[in-house]
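Undergrad: Structure for this input, please:
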Amino acid sequence: MLVREGCQVRAYVHYSSQGKWHHLEHVDAEIRDAIEVVPGDIADGSSVSRAVKGCDWVFHLAALIGIPYSYVAPESYVHTNVIGTLNVLEACRNHGVERMLHTSTSETYGSAQYVPIDEKHPLVGQSPYSATKIGADKLVESYWLSFETPTTTVRPFNTYGPRQSQRAIIPTIMTQALAGTKLGLGNLDPVRDLTFVTDTAAGFLAAAKSDQTIGRTFNLGVGSGVSIRELVEKIGKLAGHELEVEQQEERVRPEGSEVQRLISDNSLAKSLMDWEPRVDLDEGLRRTFEHVRSHPGDYPNRGYVV
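TA: Below you'll find the model as predicted:
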């Protein structure tokens, strides 16, 4: 969770006995020195309250997001995604925060009942992860309607880019492609609307700056889709060799839980936030591939990452 205090930035990071700041450790020293880092746990209400006190804007980014792991440990997703969001809302309400930006996900829509998906599309909990994010979204909505807590929900569609972990599909394919020609993957048919990380970040800032976004939800997506099979072909070209895919059962979602198609309608964000994506898929994949290739220590090819 990132919290803005006037011109200062306070970063609330998950407590680690090793004192790790995660990706904040990789930013330029000048930027890092300007950030006040506060360790804590999003599920601990008093810790969250202390972090939020005295702040103007809150960017609520804390979540458990790996869908496969939500099948293994669903209770932990409730604690982090639902209770954690409640703690942030209470802190924002009690400390009079000017704006809370809440991070949702396109997974809350489930498999598309129509495309492109606008913000009125029904919400369907097809995994424990998506169910907890729906719960969090509804808590945010309730605090606006009940207490007029100034909230805005942004719903990114499959953000990707440098530094993304191997639990996501693009780094998974790239790591294996750099190691050889054979890939172990799950279902190749699902279609995703892939948004480069800089465009998602720009959408967050645009949402925070616009008074027209208060109390509303906005999709942040490109507006077009690509299948996992097509991603394999594109990444194979970047790697310089054709890739052979072997489907591995442990990587396949349960049939009723697989979200087959996600393509965004981003017209609301374009009209009210003056935002639109600028990095196309080929360019975004190229930048991501170069990062993965140049940081082999961050992407060990150790098999399936849940």
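
Undergrad: all contacts plus neighbour counts: C-alpha atoms, from now on.
TA: Noted.

Undergrad: Pretty sure L220 sits against T200.
TA: Yes: taking contacts as CA atoms under 8 Å, L220 lies within contact range of T200: 6.5 Å.

Undergrad: Now for those two: what residues contact both?
TA: P156 (CA atoms under 8 Å, 6 or more residues apart in numbering).

Undergrad: Between those two, tell me which one has more neighbours.
TA: L220 (33 against 24; other CA atoms under 10 Å).

Undergrad: Who are the contact partners of that one?
TA: Contacts of L220 (CA under 8 Å, 6+ apart): V154, R155, P156, F157, T195, T200, G203, S264, N266, A269.

Undergrad: can you give me phi and psi for it?
TA: Torsion angles at L220 (phi, psi; degrees, to the nearest 10) stand at phi -120, psi 100.

Undergrad: and it, bridged to which residues?
TA: Going by DSSP bridges, L220 is paired in beta bridges with P156.

Undergrad: pLDDT at it, what is it?
TA: In this prediction, L220 carries a pLDDT score of 98.

Undergrad: so where's the stretch 1-150 of the chain shaky on pLDDT?
TA: Within the stretch 1-150 of the chain, the ranges that satisfy pLDDT under 70 run 1-7.

Undergrad: and Q126, which of the three is it?
TA: Per DSSP: H, G, I helix; E, B strand; the rest coil, the secondary structure class of Q126 is coil.

Undergrad: for the one 4 residues further on, same thing?
TA: The three-state label given to S130 by three-state DSSP is helix.

Undergrad: Contact partners for the residue nearest to it when sequence neighbours are not counted?
TA: Nearest residue to S130 in three dimensions, chain neighbours excluded: T108, at 5.1 Å (CA to CA, 6 or more residues apart in numbering). The contact partners of T108, by CA under 8 Å, 6+ apart, come to L123, V124, G125, S130, A131, K133, I134.

Undergrad: I would like the residues contacting stretch 256-276, please.
TA: Stretch 256-276 has contacts (CA under 8 Å, 6+ apart) with 106-107, 110-112, 115-119, 126-127, 157, 189-193, 199, 202-203, 206-207, 210, 212-213, 218-225.

Undergrad: Now which of those residues would you call buried?
TA: Listed as buried from the contacts of stretch 256-276 are 106-107, 110-112, 116-119, 126-127, 157, 190-193, 199, 202-203, 206-207, 213, 218-225; burial here means 16 or more other CA atoms under 10 Å.

Undergrad: Quick one: the helices in the stretch 51-200 of the chain, in order.
TA: Ranges of helices in the stretch 51-200 of the chain, per DSSP state H, counting those that start in this stretch, are 67-72, 74-77, 84-94, 128-147, 169-179, 197-209.

Undergrad: Tell me which other helices or strands the second one touches.
TA: What it means is helix 74-77. helix 128-147 (3 or more CA pairs under 8 Å, 6 or more residues apart in numbering; DSSP states H and E).

Undergrad: Try it again at 10 Å.
TA: If you count contacts as 3 or more CA pairs under 10 Å, 6 or more residues apart in numbering; DSSP states H and E, helix 74-77 packs onto helix 67-72, helix 128-147.

Undergrad: go on, the longest one?
TA: Contacts of helix 128-147 with other secondary structure elements, assessed using 3+ CA pairs under 10 Å, 6+ apart, are made with helix 67-72, helix 74-77, helix 84-94, strand 99-103, strand 151-156.

Undergrad: Can you tell me which of those is nearest to P39?
TA: Closest to P39 of the helices and strands packed on helix 128-147 is helix 84-94 (CA to CA; 14.6 Å).

Undergrad: in the closest one, what counts as buried?
TA: Under the neighbour-count criterion of 16+ other CA under 10 Å, helix 84-94 has G84, T85, L86, N87, V88, L89, E90, A91, C92, R93 buried.

Undergrad: and the first one, what does it touch?
TA: Contact criterion CA atoms under 10 Å, 6 or more residues apart in numbering gives D41, I42, A43, D44, G45, V48, H60, A62, A63, Y77, V78, A136 as the residues in contact with G84.

Undergrad: Counting neighbours, which of those comes out on top?
TA: Going by other CA under 10 Å, I42 tops the contacts of G84 with 27 neighbours.

Undergrad: Please report the distance of the closest residue to it other than its chain neighbours from A43.
TA: Nearest non-adjacent residue to I42, counting by CA to CA, 6+ apart: G84, 4.9 Å away. From G84 across to A43, the span is 5 Å (CA to CA, to the nearest Å).

Undergrad: Report the set of residues contacting both of those two.
TA: With CA under 10 Å, 6+ apart as the test, G84 and A43 both reach A62, V78.

Undergrad: Nearest spatial neighbour of A91, chain-adjacent residues omitted?
TA: Looking at A91 with CA to CA, 6+ apart, the closest residue is S49, at 4.8 Å.
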